[in-house]
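>>> I'd like to go over a predicted model; first the sequence, then the structure.
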Amino acid sequence: LGIVTATSFSGALSGTATTATNLADAANITTGTLSNDRLPATITKNLTGNVTGNVTGNVTGNVTGNLTGTASTATAAATAYGISGSPTLSGITSVSTSNLTVNGNAYPTAGPLSSRNKLINGNFDVWQRGTSFTSTVSGTSDYTADRWKAGGGTSTTVSRQSFTLGQTDVPGEPTYYAQWALTNNSQNYEFQQRIEDVRTLAGKQATISFYARRTTGTVTVGVRTVQYFGTGGSPSSSVIVSAGAPSLTSSWQKFTYTVDIASISGKTLGSDNNHSLWVGFQISDTNTGTIEIAQFQLEEGSVATPFEHRSYGDELARCRRYYYKIQAKASNTSGFFANAHNRSATSALGVTQFPVELRTTPTALEQSGTASDYTVNHGNNQTACSSVPAWFEADTFAARTNFTTAGSLTTGQGSILRSASTNAYLAWSAEL
């Protein structure tokens, strides 16, 4: 018995060092094996190499390499399989994982943290055109909720429905959802959004998620993406990927599908600048029924993260790139459409500035179809229109509109083009 003082050991150490602290302070142990019951209570030197087995207690200092297993109270474990309790993680510069979950919510492992949802108005908050739309012409598709297009046949209705305040079936207290009712189904009807630019997510993995239920009937749908290369010239043919078919019930469920969006290498775009990526539903049978949809999201990566809520103002501005509508509200005096000048005794020409630049130059003017819904304010006078407002010209920033009266305008005088009825509106489309 005695104390052995050395700076280096080679070979195996045997025996019991019951009180020795020098074993822990040895500068180098280059070979051999120290079994569990031969290690001292505290080791103050650096360990280089692999540690196999459980570590009970604190590890103070840097850990270089991977930690495997469960670090239940670790304060520094970048790649540990599981960390429970309330640890403090510091000094971590990267985390490598295919499934990151915080407080029960999945977070993206690819793409940005914000603006993840490539769809606009996925929460169905914005309905500039109205709140109910019925298709009556077979083979046509119409825009309904902003950015959402529905159709393909007759007797299909899309309408805005309200969630009950405080419901918990669809999280996040959404205000509205879309209801899609089919009373006459010849198959291939669609409900979809066309995302500007076919380059979107090209060659990447993407995840589609949404809530849905079928409240009546037995109609079934398929989820799909379409890479559409546009019109004009000799564009490539569309590339269609079927994502899956949700098993709809009368209860709200969340559905998630991961798809591989094809590369567009070697493809040709059309010359009309209307190429896009389509995402949505297609009817897969001839049955009828009512489908309800909420919180539709498309994002990069293989993980469906919680629905990305954006403010109404943000979503409305995004929608207005594709469609801008000025609608008279509760009183006839609320609809001011444009400042104008009187070109003649019967014509006032006004300029409407768009709040955001449109996707493309609009080529038509939408209005109520009734001349008496519109009027011209000039001086202290108000003169009713004798015909509906007429398109004059436009670019992506503004449009000029002509209001016609039976007379009484003063040439060269300024005027205001406005509503005479709550039915009055002007709108311009730059949709895909």
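Nice, I can see it.
>>> any idea which element the residue nearest the centre of the chain lies in?
The centre of the chain sits closest to residue 117, judged by Cα atoms, centre = their mean, with a distance of 2.1 Å. Following DSSP states H and E, there is no helix or strand that holds residue 117.
>>> residues contacting the nearest residue to residue 406 once chain neighbours are set aside?
Spatially, and ignoring its direct neighbours in sequence, residue 406 is nearest to residue 386 (4.6 Å; Cβ to Cβ, 6 or more residues apart in numbering). All C-beta spots, glycine's among them, are computed from the backbone N, C-alpha and C. By Cβ atoms under 8 Å, 6 or more residues apart in numbering, the contact list for residue 386 reads 346, 371, 404-406.
>>> equivalent analysis for residue 327, please.
Counted by Cβ under 8 Å, 6+ apart, residue 327 has contacts 128, 335, 424-425.
>>> could you pull out the helices for this protein?
For the chain, applying DSSP state H gives helices covering 22-25, 312-319.
>>> worst mean pLDDT among those?
The stretch with the lowest mean pLDDT among the helices of the chain is helix 22-25, which comes in at a mean of 50.
>>> tabulate the contacts of residue 327 (JSON lines), appending neighbour count.
Formatted as JSON lines, the contacts of residue 327 follow (neighbours: other Cβ atoms under 10 Å):
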{"residue": "128", "neighbour count": "19"}
{"residue": "335", "neighbour count": "23"}
{"residue": "424", "neighbour count": "25"}
{"residue": "425", "neighbour count": "21"}
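>>> these in strands, which ones?
Mapping those onto strands (DSSP state E) picks out residue 425.
>>> hmm, which of the contacts of residue 327 is lowest in pLDDT?
residue 335 (83).
>>> which residues touch it?
326-329, 418-419, 422, 424-425 are the contacts of residue 335 under Cβ under 8 Å, 6+ apart.
>>> need these in JSON lines with distance to residue 261, can you?
Formatted as JSON lines, the contacts of residue 335 follow (distance: Cβ to Cβ, whole Å):
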{"residue": "326", "distance to residue 261": "37"}
{"residue": "327", "distance to residue 261": "37"}
{"residue": "328", "distance to residue 261": "42"}
{"residue": "329", "distance to residue 261": "42"}
{"residue": "418", "distance to residue 261": "47"}
{"residue": "419", "distance to residue 261": "45"}
{"residue": "422", "distance to residue 261": "44"}
{"residue": "424", "distance to residue 261": "43"}
{"residue": "425", "distance to residue 261": "37"}
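>>> worst-scoring helix or strand of this structure, pLDDT-wise?
Lowest mean confidence among the helices and strands of the chain (mean pLDDT, DSSP states H and E): helix 22-25, at a mean of 50.
>>> show me what contacts residue 122?
Contacts of residue 122 by Cβ under 8 Å, 6+ apart are 295-297, 307-308.
>>> try 6 Å
Neighbour list for residue 122: 296-297 [criterion: Cβ atoms under 6 Å, 6 or more residues apart in numbering].
>>> many thanks, I have nothing further to ask.
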